[in-house]
Structure formats: C-alpha cells, structure tokens
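Visitor: generate a structure from the sequence data that follows.
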Amino acid sequence: LEPTLGVEVSLGEAPGELLVRTWIQNPWPNPELRGHFALRAPLGWQGTPLDKPLSCAAGGQSAEAWWFLKRLPESTVCGPEVIATAEVQISEERYTLTQKALLTHNYVSPWLIAGPFPNDGQGFITSYPPEKGVDPQAVMQGRDGPIHWELYEVLDCFGYVDMNMLLHRKDHWPSQAVRNAVGYAGCYVWSAKERLAWAELSGEEQLKLWCNGELVLSSEAARIIESLRVPVNLQAGWNEVLIKVVRGPQEEFSGRMFGFYFRFVDQEGKPFSDLRYSNRRGE
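Guide: Residues are numbered from 1 along each chain as shown. Sure, this is the predicted structure:
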C-alpha cells in the first residue's frame with residue numbers, strides 16, 4: 001500500500017480568494033505517517049499556509065495542510081492550476097508525491113480570436129466576415145487594417161476570455177482598455193453522441209452566440225451579470241461555436257469590459273465531462 005496526495009480547492013470569503021486543502025491518507029493500520037507539504041501558487045496568485053506544513057497521522061487517518069490563495073491586485077492574468085507536493089515517511093519508507101488541481105470553473109479554454117472590427121454604434125447589428133463561418137485561413141479587413149484568426153488559450157483562473165489581451169498583444173499587457181470595437185471567438189466542440197445541451201454565456205456588453213451556423217442567443221444588455229442559458233442541439237462529432245462580443249465607449253466594469261465566459265452544461269447546470277473543446281477542427 002502507498003499513500004496518495006489529495007488537493008481540494010474551494011472559494012474563500014471574498015472575491016479573488018481561494019482555500020486549498022492538501023491531505024495524505026495513511027494506508028497502513030499501525031505506523032504513523034509524517035508528511036511535509038508544499039504548495040506552488042500559480043501565476044498571479046500569492047499562497048500562504050494557514051497552519052504548519054508538517055503534519056502527522058495515525059494508521060488509517062489523514063494528515064493535512066491548508067493554504068490561502070489571494071489574487072495579486074496588479075495581475076492581469078492568473079495561472080489555471082495549483083501544484084501540491086509532499087514528502088512522506090511511514091516507518092522506514094519514504095515517498096515524494098505530487099498532485100495538481102485546476103482553479104478554473106470548467107469554462108471553455110481553447111479559442112480562435114479575430115478582431116477588432118469597427119463599432120460606430122452599429123457593431124451589434126453589422127454582419128462582419130466571421131458570421132459567415134470560421135475560416136482559420138481567412139484574411140479580413142478590420143478596424144485597424146488586415147486581420148486573421150489567432151489561436152488563444154485562456155490563462156485566467158476563472159475562465160474569462162479577455163479580448164483585450166489579443167488586441168494589445170504587441171504591447172504584452174494592455175495599458176488601457178479597448179473601446180468601440182467588435183471581436184469574435186470561435187471554437188470546436190466534439191460530442192460522442194447527439195445530445196441536448198445548454199449553452200451558458202455571460203459578459204459585460206452585447207453578445208451573440210451561434211452554434212453550427214444557427215444564431216441561438218442575442219443579448220443587447222449593457223452588463224450580463226447572471227449567465228444566459230439557452231438549449232442547443234449538439235450533433236455527434238464536431239460542432240462549431242461562434243461568439244460575437246461588442247465593446248462600446250463605456251468605462252470598465254470591475255476591470256473587465258471586453259470578454260466573456262462560455263461553457264456547455266446539462267439541464268441541472270453541471271458541465272459535461274465527456275465534451276472535448278479545440279481551436280483546431282478535428283484535433
């Protein structure tokens with residue numbers, strides 16, 4: 001029998017705070033287990049132990065250590081996972097254990113992003129080339145010149161797709177928010193079978209959602225605080241998702257104003273465990 005390391009992440013009392021519990025189950029009935037825990041905080045987070053990282057456990061019991069994660073206020077992007085390690089001794093046996101835990105909330109991570117297109121107040125109702133279908137090889141005329149689809153992977157720990165990051169990529173981090181622009185995000189979703197799913201979308205400004213070329217959601221709300229959820233029929237195999245995000249001249253809301261959260265859930269609001277997402281069709 002060998003010990004195993006577990007990691008559990010839960011929300012803290014305030015926004016931007018998380019609690020991480022690490023534990024080791026002693027699989028032996030008699031010898032005491034001694035474990036020394038360590039936690040590697042991801043990019044954009046500061047980790048602080050809530051108790052001593054050295055813990056003991058009698059036979060059949062668990063040794064544990066708790067950590068407090070706080071998002072650094074100056075961080076624009078946060079890493080998606082935390083890594084726990086433990087040096088364990090049971091009698092004369094020694095083990096080094098490692099375990100990872102995701103900090104994201106099961107939102108879609110891989111995307112194709114295109115933008116910015118112009119928004120002179122009519123961006124929401126103006127049909128730009130991406131609405132005719134996602135063509136990864138297409139070169140389109142954008143607000144500031146020719147643009148093309150770019151691969152994007154969500155790094156934000158909460159699953160937020162930040163369009164500002166793409167538009168200011170040459171400057172590494174945005175020095176100011178993008179305004180008066182339209183952006184598009186596309187991805188491919190693989191389902192082993194045909195099924196009824198609920199597309200869940202939220203953001204700060206006007207949004208549209210297409211699934212397999214069909215417009216299934218359109219919202220002109222200034223701020224979508226609660227997620228919008230609509231039923232969608234996913235076909236067996238690959239499905240194409242396209243999201244349109246419209247940014248006006250307004251000031252930022254909680255530091256974010258040009259992006260969204262998206263995922264597919266079941267009727268009870270739980271993410272599917274057997275769907276596969278990609279920003280490359282067929283991969």
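
Visitor: which non-adjacent residue is nearest W45?
Guide: Residue nearest to W45 in three dimensions, not counting chain neighbours: L69, with 4.9 Å by CB to CB, 6 or more residues apart in numbering. From N, CA and C alone the C-beta is placed, and that goes for glycine too.

Visitor: my read is that neighbour is in a helix, agree?
Guide: No: in this structure, L69 is strand, not part of a helix, as judged by DSSP: H, G, I helix; E, B strand; the rest coil.

Visitor: that one and F37, how far apart?
Guide: Applying CB to CB, to the nearest Å, one obtains 14 Å for the distance of L69 from F37.

Visitor: most remote residue from the chain's center?
Guide: Of all residues in the chain, the one whose C-alpha sits farthest from the chain's mean C-alpha position, using CA atoms, centre = their mean, is N30 at 42.9 Å.

Visitor: for the residue nearest to W45, grab the count of nearby residues.
Guide: Using other CB atoms under 10 Å as the criterion, L69 is surrounded by 23 other residues.

Visitor: beta partners of it?
Guide: Applying DSSP bridges to L69 yields these beta-bridge partners: L18, G47.

Visitor: how much space between it and W111?
Guide: 26 Å.

Visitor: what's the weakest-modelled helix or strand in the protein?
Guide: Of all helical and strand segments in the chain, the minimum by mean pLDDT, DSSP states H and E falls on helix 163-167, at a mean of 72.

Visitor: check which helices and strands the following helix or strand past that helix sits against.
Guide: On the C-terminal side of helix 163-167, the closest following helix or strand by DSSP states H and E is strand 181-191. Here strand 181-191 touches strand 110-118, helix 163-167, strand 237-247, strand 259-265, strand 276-278, going by 3 or more CB pairs under 8 Å, 6 or more residues apart in numbering; DSSP states H and E.

Visitor: looking at these, which is closest to P231?
Guide: Judged by CB to CB, the one of the helices and strands packed on strand 181-191 that comes nearest to P231 is strand 259-265, at 10.6 Å.

Visitor: now that closest one: average pLDDT?
Guide: Over the span of strand 259-265, the pLDDT mean works out to 91.

Visitor: center of this structure, which residue is that?
Guide: The geometric centre of the chain, computed from its C-alpha atoms, lies nearest to G159 (CA atoms, centre = their mean), at 2.1 Å.

Visitor: helix, strand or coil: sort out the residue nearest to that one when sequence neighbours are not counted for me.
Guide: Once its chain neighbours are removed from consideration, G159 has its nearest residue in Y107; the separation is 2.9 Å (CB to CB, 6+ apart). Using three-state DSSP, the secondary structure recorded for Y107 is coil.
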